[in-house]
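Chemist: sequence and predicted structure below; questions after.
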Amino acid sequence: MRFKERYLAGEIPFEEIDIYIEAWGNSDEPCTLREYLGLNVQEEDVWISDSDEALMELLDKQKRR
């Protein structure tokens, strides 16, 4: 499972995104970091242009659905 799926399922805290980033950096995965984390383009844009907190807030809104 990707970071986003596990986070939305409540299996991991948001801070584990750093572990996923490091794992991607050390892997031979042909996908982008966005794909590796399971984020969509809008989520990636918020994360890059705003902050980790902004991404967490965006994902948390999806948890409540």
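Modeler: Received it, and whenever you're ready, just let me know what you need. Numbers count the residues shown, from 1 in each chain.
Chemist: which outside residues touch the longest helix along the chain?
Modeler: In the chain, with assignment by DSSP state H, the single longest helix is helix 52-63. Helix 52-63 is contacted from outside by Lys4, Tyr7, Leu8, Gly10, Phe14, Ile17, Leu39, Gln42, Glu43, Val46, Trp47, using Cβ atoms under 8 Å, 6 or more residues apart in numbering. The C-beta positions use only the backbone N, C-alpha and C, and glycine is treated the same way.
Chemist: may I see the buried residues of it?
Modeler: Leu55, Met56, Leu58, Leu59 (16 or more other Cβ atoms under 10 Å).
Chemist: now the two most distant members of those.
Modeler: Greatest spatial distance among these (Cβ to Cβ): Met56 and Leu58, at 7.3 Å.
Chemist: picking up where we left off before, which one (most neighbours) among the contacts of helix 52-63?
Modeler: Neighbour tally across the contacts of helix 52-63 (other Cβ atoms under 10 Å): the maximum, 25 neighbours, falls on Tyr7.
Chemist: where's the residue of the chain positioned farthest from its centre relative to Tyr36, distance?
Modeler: Distance to the chain centre peaks in the chain at Asp28, reaching 18.6 Å (criterion: Cα atoms, centre = their mean). According to Cβ to Cβ, to the nearest Å, Asp28 stands 12 Å off from Tyr36.
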